[in-house]
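Chemist: Please find the sequence and the predicted model below.
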Amino acid sequence: MPSGVYKRTKIHSINLSLAKIGTIRPKSVCLKISETMKAKKINVGKSNPMFGNHISKTQNHKNKISRALTGRKRPEISLKYKGKGNPNWQEGGVAPLGNKIRELEESKNWRTEVFLRDNYTCQNCNKRGVILHAHHIKEFNIILNEFLQFYSQFSPIEDKETLIRLAITYIPFWDINNGKTLCKKCHNLIKHKRYFERK
């Protein structure tokens with residue numbers, strides 16, 4: 001590599017600054033810089049150009065940013081990768097049948113009814129006012145497999161819409177006696193336990 005002094009052009013400086021965006025300095029480096037600046041008394045106290053200024057954005061500054069961004073449109077590059085334009089697109093959509101059934105209005109109603117029955121209280125630790133989950137006592141996947149065996153004449157890929165309509169009337173999906181209110185922590189413990197039992 002040739003030795004010598006290289007003059008940085010404006011474009012070079014811009015490219016360097018762009019390359020550093022998002023990188024985080026390690027704490028050890030920050031401490032060394034701080035100690036060096038204190039030793040040399042560079043930009044410490046009143047000599048710092050930001051002395052006395054608040055770093056937080058003022059309302060005036062927020063308004064300027066808002067005005068600058070108003071009317072901007074999404075780049076067309078991101079729009080062309082939506083839906084069927086995405087290389088990961090699968091025919092019929094990405095979400096499998098189980099996810100589509102969980103998104104039904106009946107599923108939301110089942111969840112609410114389980115919470116109401118259990119008085120919005122975790123049935124394991126009796127906590128209230130925390131994030132709650134409606135837990136399936138008999139696993140949802142087992143019910144789904146039984147459902148697919150019962151309606152084996154339909155394909156889960158080609159006849160997805162038909163199976164979703166049939167799922168609305170399939171009682172085991174919406175049986176509130178198969179539901180139990182659990183807090184997030186208790187639900188995760190049960191899920192982990194089930195996972196390791198399968199292995």
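Modeler: Happy to help now that I have it. Residues are numbered from 1 along each chain as shown.
Chemist: Endpoints of stretch 130-139, how far apart?
Modeler: End-to-end distance for stretch 130-139: 23 Å, by C-alpha to C-alpha, to the nearest Å.
Chemist: ok, now stretch 176-194?
Modeler: 21 Å.
Chemist: so after the least confident helix or strand in the chain by mean pLDDT, what's the next helix or strand?
Modeler: The helix or strand of the chain with the poorest confidence is helix 76-80; it has a mean of 64 (mean pLDDT, DSSP states H and E). Using DSSP states H and E, the next helix or strand after helix 76-80 towards the C-terminus is helix 97-102.
Chemist: Give me the residues contacting that following helix.
Modeler: 107, 140-141, 144, 148, 156, 160, 163-164, 167, 173 (C-beta atoms under 8 Å, 6 or more residues apart in numbering). Bear in mind the C-beta positions are built from the backbone N, C-alpha and C, glycine included.
Chemist: In CSV: those residues, plus pLDDT and secondary structure.
Modeler: As requested, the contacts of helix 97-102 are exported to CSV (pLDDT from 0 to 100; DSSP: H, G, I helix; E, B strand; the rest coil):
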residue, pLDDT, secondary structure
Ser107, 92, helix
Phe140, 89, helix
Asn141, 86, helix
Leu144, 89, helix
Leu148, 88, helix
Pro156, 81, coil
Lys160, 85, helix
Leu163, 90, helix
Ile164, 90, helix
Ala167, 91, helix
Phe173, 92, helix
